[in-house]
Structure formats: C-alpha cells, structure tokens
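>>> how would this look folded up:
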Amino acid sequence: MKNNPTLEGRLFFSMTLEFLETYMPRQLGRSSHTIKSYRDSLTVFRRFLIEEKHLSIQKFLFEECTPALIQDFTIYLKEQGNTPGTCNQRLAAIRGYLWFAADRDIAIQSVALRISKIPQCKTPEKEKETLSALSLKCLFDQPKNTKIGLRDRTMMITLYDSAIRLDELLSMKIKDLRLDINEKYIRITGKGNRERIVAISTKTAEHLLQYLRVFHPDHSKDSLVFFTKIKGQKVKMSEGNVERFVKQYGKQAKVVCDEVPDNVYPHMFRRTRATNLYQSGVELALVSKILGHASIETTRIYATPSVKMLREALESVETSKQLAEKPLWKECSEEDLAKLCGLR
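Here you go, the predicted model:
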C-alpha cells in the first residue's frame, strides 16, 4: 500500500467531518442516535491510535489502516471490557466511513475492501429476558403517589403499551397525542425520520391525561410530554435518567416478586410487549409495523414462541408410528448398503 502513489499522504480523518455532519444526516437520513454511535466509534478509534499506537490524528494515513491494526483495535476494545456486540459496532462504523471515503476517492477502495473482510466477533446468542404479567404489575405499583411517582408510572406504562423506543418517548410532544377520540393513538417519529401511528389502550390514555393535567395545565402543543428542568427551562430528559429510575423500581419490585428480572431497563418493556403481541397471535408483519422496523427480519428477534405455542406445535405433528420410514430398498447385503451410503 505504501508504494501506491495515488493513496500516499491521504490523512485518515480528513473526511470524518463531512461523513458525520453532511453525508449521514442529509444524504442517508440517519437519526441523531445513529450518528452519535458512529461518532463515538471513530472517537474511540482515534484514542486507541494515540494511546496505544502513539499515532497523531495529524499524521495517520488511510494506507496505515491495515487489517492487523484493526485486529489490534479489537483486542484493545476487549481488554477495555467491551462486549463482542460493541466491538462489532465499532468495526461497522469504521467500515462505513471507509466505504464513504472510497466513494470520494477510488484509491481508498482497496483499504475499504481489506477491512470489510475482517470477520465480526462471535456473539453468544442468549434469549432476552421479558417481564411476566405479575412482574409488570409489581413494577407499575412501585412509584409513590407523588408528582414524580405519577410521571415515572406514566412513562413505564406508555413504554410498555405502545412498545415505542425510549428516545421516541422522550421526543414525543403533546401535539403527537390523540387522546380525545375513540381510537386513541400517538404519532411517533422514529429512526430515519419515519413516522408511524401507534394505538394505545384507553387505560394508558387515562394515565396520560392525568399526567397532562398535573404537568401541562397550559397544554402547549409544542411542549415535550416528558421533560426535565434545567435553570427553569423545560428540556428533553436524558435516557440515563429513565434508566436509573426504572432500574431502581426493578430492585424494589424484586423484593416483592421473584419473577422480576435482576436487571430491569427501559427497552425490556418494548421487548415484552412485542413478544406478548406475537404470542397472542398477531402477525409478525403487523408487530414489525407497530415497532417501526424498516425490515421484518429485525422483528424476528422478538418472535419467541411461548410454551403453549411449542406444545401445540408438537401435538400437531403426526406420531412416530404414522411417520415410520419405509425402506428405500429391499433386502441387500452389507456391502451393497455401504455403497448406497457412499461408503467403502
């Protein structure tokens, strides 16, 4: 690579600003959350170069981004305590940036191609935990009958019933709520700025109305439904704040109910709702639409069959007597059978 005059001297980070500030949001329409993830990954890579390889951002070249270097970066990430999933996410960001740079400069394509062939880390497939009906009830009972308790309970109930993402909940404005009609719903702007309508139950609508009466007596349509105050100004609540109180309620609920998982977090409400819908017989395509997935393949991770579904599937299969195999041949010698099986 170093002998390639068309590539020599091109700084690796010379296109990151355009990639993050222009290409991803304007051309690809990626969400701020996705862009942040890519920015974080490239920042971690830069720190690795400085701290481990003693390479300056002002001198590191595309030609120096070799498979061996990226493999060292993966080892570095693992030593820092990152999971295989996080390592794969960092690698995906570097690949994405390299292919963008290769589109801008054909000389970089060979670098992008070599890095794209690096295999991902193996991630152990674990069945994700969901919340039982008893666990949900116990969690919803934990917030105290205070103003903050009302807010926390309403947020958890809305997260479960609508199966929306946490960022979608925190970005929701009062004008997105339709609670004054028979078929109550909320309008969500999800990943890639895709809009969708999500139906909610009458009970959830009642919780939201009670919350609005307390927190939004003026009913300003452009106000965030859920917010925090900084220097007297209503601003978007951080995801970390919600994760903190959900985890705390989970610990409290665990004392009362053994069915509550050891670690409860906001996304667990979405997963539980999606799994419950699938197990209740809702078509996977409709579940995908409710969740706001661009591809039904993404939704399949929530398609976990219940014990009842497994039992019914087993009972629907014919008995072993009915399925007894018929011989493919009549009496044969051992030698002939071996030949039929491709053996000697």
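>>> doesn't residue 198 lie inside a strand?
Yes - membership of residue 198 in a strand is supported by DSSP: H, G, I helix; E, B strand; the rest coil.
>>> what about the closest residue to residue 190 other than its chain neighbours, neighbour count?
Nearest residue to residue 190, sequence neighbours excluded (C-beta to C-beta, 6 or more residues apart in numbering): residue 292, at 4.0 Å. For every residue, glycine as well, the C-beta is placed using N, CA and C. Residue 292: 21 surrounding residues under other C-beta atoms under 10 Å.
>>> enumerate every residue touching residue 292.
Taking C-beta atoms under 8 Å, 6 or more residues apart in numbering, we find residue 292 in contact with 164, 165, 168, 188, 190, 191, 194, 196.
>>> check residue 168 too.
Per C-beta under 8 Å, 6+ apart, neighbours of residue 168: 188, 189, 190, 292.
>>> residue 101: which of those residues is nearest?
Residue 101 has its nearest neighbour among the contacts of residue 168 in residue 190, at 28.8 Å by C-beta to C-beta.
>>> can you tell me the closest non-neighbouring residue to residue 300?
residue 284 (7.1 Å).
>>> sorry, back to before: next one: phi and psi at the residue nearest to residue 190?
When read as degrees, to the nearest 10, the backbone of residue 292 gives phi 80, psi 30.
>>> switch to numbering from 32
All right, first residue 32 from here; so that's residue 323.
>>> quick one: it from residue 70, how far?
Between residue 323 and residue 70 the computed distance is 23 Å (C-beta to C-beta, to the nearest Å).
>>> go on, residue 273?
Per C-beta to C-beta, residue 273 is found 22 Å from residue 70.
>>> kindly report the same for residue 206.
Residue 206 sits 30 Å away from residue 70, going by C-beta to C-beta.
>>> when these two are compared, which one has more neighbours?
Neighbours per residue, other C-beta under 10 Å: of residue 206 and residue 70, the larger number sits with residue 70, 16 against 13.
>>> that one is in what secondary structure piece?
Taking DSSP states H and E as the criterion, residue 70 maps to helix 63-82.
>>> which other helices and strands contact the next helix or strand after that helix?
For helix 63-82, the following helix or strand on the C-terminal side (DSSP H and E) is helix 98-110. Counting contacts by 3 or more C-beta pairs under 8 Å, 6 or more residues apart in numbering; DSSP states H and E, helix 98-110 packs against helix 63-82, helix 115-135, helix 140-147.
>>> show me where the stretch 32-181 of the chain dips below the pLDDT cut-off.
Residue ranges of the stretch 32-181 of the chain with pLDDT under 70: 32-40, 155-158.
>>> returning to what we had before: closest to residue 163 out of the helices and strands packed on helix 98-110?
Checking the helices and strands packed on helix 98-110 against residue 163 by C-beta to C-beta gives helix 115-135 as the closest, at 25.8 Å.
>>> show the pLDDT at the residue nearest to residue 221.
At residue 323, the pLDDT value in this model is 73.
>>> distance of it from residue 107?
Relative to residue 107, residue 323 is positioned 35 Å away (C-beta to C-beta).
>>> equivalent analysis for residue 324, please.
For residue 324, the distance to residue 107 - C-beta to C-beta - is 33 Å.
>>> also residue 270?
To residue 107, residue 270 is 27 Å away according to C-beta to C-beta.
>>> which one's more surrounded, these two?
Higher neighbour count among residue 270 and residue 107: residue 107, with 19 against 15, using other C-beta under 10 Å.
>>> number of residues surrounding the residue nearest to the more buried one when sequence neighbours are not counted?
Leaving aside its sequence neighbours, residue 107 sits nearest to residue 79 (C-beta to C-beta, 6+ apart; 5.3 Å). Neighbour count for residue 79, taken as other C-beta under 10 Å: 19.
>>> what do you get for residue 305?
Neighbours of residue 305 (other C-beta under 10 Å): 24.
>>> buried sites along the host helix or strand of it?
In the assignment (DSSP H and E), residue 305 maps to helix 298-310. If you call a residue buried by 16 or more other C-beta atoms under 10 Å, then helix 298-310 has these buried ones: 299, 300, 301, 302, 303, 304, 305, 306, 307, 308, 309, 310.
>>> take those and write them to CSV, including distance to residue 54 and pLDDT.
Formatted as CSV, the buried residues of helix 298-310 follow (distance: C-beta to C-beta, whole Å; pLDDT from 0 to 100):
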residue, distance to residue 54, pLDDT
299, 34, 92
300, 34, 93
301, 29, 90
302, 32, 89
303, 36, 90
304, 35, 88
305, 32, 87
306, 36, 86
307, 39, 84
308, 36, 84
309, 36, 81
310, 41, 79
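>>> who's in contact with residue 234?
Residue 234 makes contact with residue 192, according to C-beta under 8 Å, 6+ apart.
>>> quick one: it and residue 176, what's the gap?
Computed with C-beta to C-beta, the distance linking residue 234 and residue 176 is 17 Å.
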